[in-house]
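J.: predicted model and sequence follow; I will ask about them next.
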Number of protein chains: 2
Amino acid sequence: MADPPQDAQGFVLWFTGVSGAGKTTLANAVDSVLRRHRRTEILDGDEVRRYLSAGHGFSKADRDAHVRRIGFVAALLARNGIATIVAAISPYAEARGEARRLAEVDGTPFVEVGVTAALETLTLRDSKGLYRRALSGELPNFTGISDPYEPPTAADLTICTDDELIPISVEKIFAVLSGRGLLTGGIAGG
Amino acid sequence: MADPPQDAQGFVLWFTGVSGAGKTTLANAVDSVLRRHRRTEILDGDEVRRYLSAGHGFSKADRDAHVRRIGFVAALLARNGIATIVAAISPYAEARGEARRLAEVDGTPFVEVGVTAALETLTLRDSKGLYRRALSGELPNFTGISDPYEPPTAADLTICTDDELIPISVEKIFAVLSGRGLLTGGIAGG
């Protein structure tokens, strides 16, 4: 017989990238597999902003505070055995580094995935017309156009979503998680 | 043989009261028992403020935002089976009600404990001299003196810490948790 179920090792899987790069899509795709096997939570930038940073703006200080809050919550969840998936633009490397430290100080693994796409792709996906407006100068503080985005220099994985099929990206992410010893049981061989 | 361990039912145990009333002491006392049996987290007003509300002030809007953030995080933790203990002044009834709704909308039990003490007691305990300064008018926005505190009108329990010994208070809290069906195994009989 199998051993009684053990608490799984929590971790933080952090997707960073500009709006429309595919963070939420990948987060949901990974979550839909993981949640069959263990507890998961998704902290999505847009959704958590409503509770953690309502009324805040998009200055560097505001963005850093927002990322710090997400990092704090992610670390709390992950140290309780939850696979915590973050999808947040998180444009500044230092704030992402702080989120990593908040997890790692508890011994919680932190996996950073950069999500990128060509501007042409982003513009094509841009159903709300945000890139068009940002490129025309109408939208200030739009990350990647009128506001900085610092790409990760030492991400555990970078995924370019221009042409890659989602299942391929998901497989790459699971390979990284597996390599870090973060998959158990049924998903380990996947 | 006993059944394999099941995930415990998470809940939010929310202590509200003015500074020095005894919220942190009671939170730690309850936690020290609960954590022998299950996963727990303490969200203490002062500590979480550093990550969730750094740089914020003590206006009603700032205080409400802070309580909303704690409520959001508490609900996230509790719905993952964690006994989540909050110690926060949380002076406004409406914000506490919102925290309760955030938990209950997930089906997570929310237990509110009002912690009170006479002003004389608070002043005696006041090692930092905050009450003295607030009473002399030096400290604006000090809850209960120069800033409002709305006592809970329908708390699950109110504890007056003037004379009550901590183990007695803890026993009362466990009686409420037990009555709500939130204790299992070893603590259920305590």
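T.: Noted; the coordinates are in hand.

J.: contacts, neighbours, all on C-alpha from now
T.: OK.

J.: right, is the longest helix anywhere in chain A up against chain B?
T.: Using DSSP state H, we find that the single longest helix of chain A is helix A:60-78. Yes: judged by Cα under 8 Å from any Cα of the partner chain, helix A:60-78 and chain B are in contact via A:65, A:68-69, A:72-73, A:76-77.

J.: let me have these in TSV, extended by neighbour count and pLDDT.
T.: Compiled in TSV, the residues of helix A:60-78 next to chain B are given as follows (neighbours: other Cα atoms under 10 Å in any protein chain shown; pLDDT from 0 to 100):
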residue	neighbour count	pLDDT
A:65	21	92
A:68	25	93
A:69	24	94
A:72	23	96
A:73	26	97
A:76	24	96
A:77	26	97
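
J.: out of those, who's nearest chain B?
T.: residue A:69 (5.2 Å; Cα to the nearest Cα).

J.: excluding chain neighbours, what is closest to that closest one?
T.: Spatially, and ignoring its direct neighbours in sequence, residue A:69 is nearest to residue B:52 (5.2 Å; Cα to Cα, 6 or more residues apart in numbering or on different chains).

J.: contact partners for that neighbour?
T.: Going by Cα atoms under 8 Å, 6 or more residues apart in numbering or on different chains, residue B:52 touches A:52, A:65, A:68-69, A:72, B:66, B:69-70.

J.: around the residue lying closest to residue A:147 once chain neighbours are set aside, count how many other residues there are.
T.: Distance criterion Cα to Cα, 6+ apart; nearest residue to residue A:147, sequence neighbours excluded, is residue A:141 at 4.6 Å. Residue A:141 is flanked by 15 other residues according to other Cα atoms under 10 Å in any protein chain shown.

J.: surely residue A:141 is in contact with residue A:60?
T.: No: at 9.5 Å, residue A:141 does not count as touching residue A:60 under the criterion of Cα atoms under 8 Å.

J.: next secondary structure element downstream of the helix or strand containing residue A:30?
T.: According to DSSP states H and E, residue A:30 maps onto helix A:23-34. Sequence-wise, the next helix or strand downstream of helix A:23-34 (DSSP H and E) is strand A:40-44.

J.: contacts for that next one?
T.: Applying Cα under 8 Å, 6+ apart, the contact partners of strand A:40-44 are A:24, A:27-28, A:31, A:34, A:70, A:74, A:82-88.

J.: what's the helix or strand for the residue nearest to residue A:147?
T.: Residue A:141 belongs to no helix or strand, assigned by DSSP H and E.

J.: gap between it and residue A:13?
T.: Taking Cα to Cα, to the nearest Å as the measure, residue A:141 and residue A:13 are separated by 26 Å.

J.: C-alpha coordinates for the one helix or strand in chain A whose mean pLDDT sits lowest, CSV please?
T.: Ranked by mean pLDDT, DSSP states H and E, the weakest helix or strand in chain A is helix A:45-52, scoring a mean of 84. Extracted C-alpha coordinates of helix A:45-52, given in CSV (Å, rounded to 0.1, in the frame of the first residue of the first chain):
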residue,chain,number,x,y,z
GLY,A,45,-1.8,40.6,-10.7
ASP,A,46,-5.1,42.0,-11.8
GLU,A,47,-7.2,40.1,-9.3
VAL,A,48,-5.0,40.5,-6.2
ARG,A,49,-4.6,44.2,-7.0
ARG,A,50,-8.2,44.7,-6.0
TYR,A,51,-7.6,43.5,-2.5
LEU,A,52,-3.9,44.2,-1.9
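
J.: returning to what we had before: so which elements touch the longest helix of chain A?
T.: In this structure, helix A:60-78 packs against strand A:11-16, helix A:45-52, strand A:83-87, helix A:93-104, helix B:45-52, helix B:60-78, with contacts taken as 3 or more Cα pairs under 8 Å, 6 or more residues apart in numbering or on different chains; DSSP states H and E.

J.: could you dump those to CSV with distance to residue A:145?
T.: Listed next are these as CSV, based on distance: least, Cα to Cα, whole Å:
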stretch, distance to residue A:145
strand A:11-16, 16
helix A:45-52, 19
strand A:83-87, 19
helix A:93-104, 17
helix B:45-52, 28
helix B:60-78, 30
